[in-house]
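> predicted model and sequence follow; I will ask about them next.
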Amino acid sequence: MSLIPYSLSRAVLFGMQPEAAHDFTMDMLAKGQNTPLACAWRQSRVSDPITLAGLQFPNRVGMAAGLDKNARAIDGLGAMGFGFVEVGTVTPLAQPGNPKPRMFRIPERDALINRLGFNNEGLAAFVTNVKKAQFRKQASPLLLGLNIGKNAATPIENATIDYLLCLDAVYPHADYITVNISSPNTKNLRALQSDEALDALLSALVQRREQLTRAHGQHKPVFLKIAPDLTEEQVSVIANSLKAHGMDGVIATNTTISRDAVQGLPHAQEAGGLSGRPVFEASNAVVRQLRAALGPQFPIIGVGGILSGADAVEKIKAGADVVQIYTGLIYRGPALVTEIAQALKAQASGR
């Protein structure tokens, strides 16, 4: 990556349709990882270890789920200096996602809209790819999160079945598992954030996790990923459910369905989830509410609208323990990973 300034790479990529640029980038990362060429663009990882949910994170910046849905480029992403990489969302069966076009840039706001709809190759291919990754052979391996969801064709009342199938399959291979109930691009998925549905899902997941812990002899943390479009009352309900069911952590937040920050701009009214700078404050607000409700020790991963080291520091000040990026990587490039990691290390040491 360092061989070519990202400003030049971005000019080429932004000249392509967004999904074509995404697919091209992931192909290049997947094909180039663990080759001699990869050594030329590998970024040194900033060392800033933090223990969270029983895991030691090498530093406090991670790759959010959604970029590498099929776990094809874990090592390529890890070479950018992330302390942890989350891949998926994976569903039990392969599915094509929503009709194209389904990704749109809003460069005036450093934003993206996507309505991909959990397009992925299914559990079998996903697990095969995870097992091929070489990152665990490193002297200081990054952590791997595996993000699970439900198939679009699965009725919402049967969603738990899909999540349990995914949990069974990914459990042996994950450092932590994320339960995605907050994408706006799968019909009725966000209904699982309501109190009764959430309690039923979390109860089933925790019970199955206890069985898997005994079977594999190892406890794997399970995180819940939630939306930014929640009222204070809804956040409070979710916080109570997380504590009641002994969940290990929460990821706040996914993309937003609000368009207030992009009104009047090209593509602003496209359906889907809006990410990037416009979701920053909404995400921070949810993080603050969660921290107030959950107390100082409950693990929170903050994600949404981070495009600089200063943004990441604000996310930590809002109450997050570690952060993830996605859209910021697309607009700023791999140098953003190091910038954020250095800023958070400095912030943690009081400099």
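Great, that's in hand.

> and residue 94, what does it touch?
120, 121, 122, 125 (CB atoms under 8 Å, 6 or more residues apart in numbering). Every residue, glycine included, has its C-beta placed from N, CA and C.

> from memory the last one sits against residue 88, does it?
Put plainly, it is residue 125. No: here residue 125 lies out of contact with residue 88, judged by CB atoms under 8 Å, at a distance of 11.9 Å.

> just checking, what packs against the lengthiest helix in the chain?
In the chain, assigned by DSSP state H, the helix with the most residues is helix 195-216. Packing contacts for helix 195-216, counted by 3 or more CB pairs under 8 Å, 6 or more residues apart in numbering; DSSP states H and E, involve helix 159-170, strand 222-226, helix 232-244.

> out of these, the one nearest residue 343 is which?
Checking the helices and strands packed on helix 195-216 against residue 343 by CB to CB gives strand 222-226 as the closest, at 23.4 Å.

> what is that closest one packed up against?
Going by 3+ CB pairs under 8 Å, 6+ apart, strand 222-226 lies up against strand 176-180, helix 195-216, helix 232-244, strand 249-252.

> and the next element down the chain from the shortest one?
Put plainly, it is strand 249-252. strand 273-276 (DSSP states H and E).

> which outside residues touch that next one?
106, 109-115, 183-185, 254-259, 261-262, 304-305, 307, 326-328, 331.

> helices of the chain, start to end?
6-13, 18-32, 38-41, 74-78, 123-132, 159-170, 195-216, 232-244, 280-294, 309-318, 327-332, 335-348.

> bridged to the spatially closest residue to residue 225 that is not a sequence neighbour, which residues?
Closest residue to residue 225 apart from its sequence neighbours, by CB to CB, 6 or more residues apart in numbering: residue 251 at 4.1 Å. Counting by DSSP bridges, residue 251 is bridged to residue 225, residue 301.

> does residue 251 touch residue 301 like I think?
Yes: look at residue 251 against residue 301 with CB under 8 Å: they come within range, at 4.4 Å.

> overlap in contacts, the two.
Common contact partners of residue 251 and residue 301 (CB under 8 Å, 6+ apart): 223, 324.

> what ranges of the stretch 251-351 of the chain fall below the confidence cut-off?
351 (pLDDT under 70).

> apply 80 and report the result again.
Scanning the stretch 251-351 of the chain with the threshold set as pLDDT under 80 gives 350-351.

> now the stretch 1-150 of the chain
1-5, 36-42, 139-140.

> all strands of the stretch 1-150 of the chain, in order?
50-52, 55-57, 61-63, 84-90, 103-106, 111-114, 143-148 (DSSP state E, counting those that start in this stretch).

> appreciated, that's everything.
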